[in-house]
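Colleague: let's see this in three dimensions:
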Amino acid sequence: MKAILARKILMTRIFDEDGMQIPVTLVKLENNIVTQIKNLQKDGYEAIQIGAGEKKRLNKAEAGHIKKADIKIKPKVLYEIKNKGDNYELGQALTSEQFKEEEIVNVTGVSKGKGFAGTVKRHNFHLGPKTHGSHNYRQPGSIGATYPERVIKGRRMAGHMGNARVTVKNLEIIKINQETNEMMLRGAIPGPKNTSVLIWSHNEN
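Modeller: Predicted coordinates:
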């Protein structure tokens, strides 16, 4: 598995040689470095931790973690990926060279938070009748059951919408700019502007 952290810049469109419109999302590949390698014997599972970006000041816990890894930069984002660390070294820099144009990748990020939402907006429930004096337009209705006389787990109800981890699969890399360290992906990816996303693929070639 290969992966890299990026920052979502904006969504726009480009045109191919035939004049066809292609919707793309532009992402900025920030300084990616391996900050930790976990193994089965010591940690109970195999994973690597990637750090990206740079912040002005680290708290004591972060500073101790980075000092232990013997890394000079101050990463702004830390992301752990369950993966064997055989092909990685502590402090190794990850670049866009591991990806190529027209490659199919997956993007994981946190979707836009939309606050508290009712069942109509959150789960596409039908509206109630608007005639014959009914005022039950957007209420969810009955949520209980005769048996087992409690609310069933997983019942679709009103609640917090968005702000959840989302993975969009099978996005094509349209263009990679090595000079500006930017990448164009076909289609939309989760999250608002300037948020971090993980671009990953199981294809090692």
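
Colleague: relative to residue 113, how far out is the residue nearest to residue 168 when sequence neighbours are not counted?
Modeller: In this structure, residue 168 finds its nearest non-sequential neighbour in residue 107, 5.1 Å apart by C-beta to C-beta, 6 or more residues apart in numbering. In this view, the C-beta of every residue, glycine as well, is placed from N, C-alpha and C. In this view, residue 107 and residue 113 are 18 Å apart by C-beta to C-beta, to the nearest Å.

Colleague: what do you get for residue 185?
Modeller: Separation of residue 185 from residue 113 (C-beta to C-beta) stands at 22 Å.

Colleague: mind checking which of these two has more residues around it?
Modeller: residue 185 (24 against 12; other C-beta atoms under 10 Å).

Colleague: tell me the centre residue of this structure?
Modeller: Nearest to the mean C-alpha position of the chain, by C-alpha atoms, centre = their mean, lies residue 109 at 1.2 Å.

Colleague: ok but that residue is inside a strand, no?
Modeller: Yes: judged by DSSP: H, G, I helix; E, B strand; the rest coil, residue 109 forms part of a strand.

Colleague: is it true that it touches residue 195?
Modeller: Yes: between residue 109 and residue 195 a contact is recorded at 6.3 Å, counting by C-beta atoms under 8 Å.

Colleague: and the pLDDT at the residue lying farthest from the centre of the chain?
Modeller: Farthest-out residue of the chain from its mean C-alpha position, per C-alpha atoms, centre = their mean: residue 132, at 47.2 Å. Reported pLDDT at residue 132 in the predicted model: 91.

Colleague: next one: residue 2
Modeller: Confidence score, pLDDT, at residue 2: 89.

Colleague: excluding chain neighbours, what is closest to it?
Modeller: Among residues not flanking residue 2 along the chain, residue 98 sits closest, at 4.8 Å (C-beta to C-beta, 6+ apart).

Colleague: residue 4 is in contact with that neighbour, correct?
Modeller: Yes: under the criterion of C-beta under 8 Å, residue 98 makes contact with residue 4 at 7.1 Å.

Colleague: so those two - more neighbours on which side?
Modeller: Each of residue 98 and residue 4 has its neighbours counted (other C-beta under 10 Å); residue 4 has more, 24 against 13.

Colleague: let me see the contact set for that one.
Modeller: Residues in contact with residue 4, defined by C-beta atoms under 8 Å, 6 or more residues apart in numbering, are 29, 32, 50, 94, 95, 96, 98, 99, 198, 199, 200.

Colleague: and the fifth one, how many neighbours?
Modeller: Pointing back at residue 95 there. 12.

Colleague: in this protein, where is pLDDT below threshold?
Modeller: Residue ranges of the chain with pLDDT under 70: 85, 204-205.

Colleague: outline the domain layout of it.
Modeller: Here the domain parsing of the chain from automatic domain parsing is 2-113+162-201, 118-156.

Colleague: so how far does the longest one reach from one end to the other?
Modeller: Start and end residues of domain 2-113+162-201 are separated by 6 Å (C-alpha to C-alpha, to the nearest Å).

Colleague: residues of stretch 191-205 that come out buried?
Modeller: Within stretch 191-205, the residues that count as buried by 16 or more other C-beta atoms under 10 Å are 191, 195, 196, 197, 198, 199, 200, 201.
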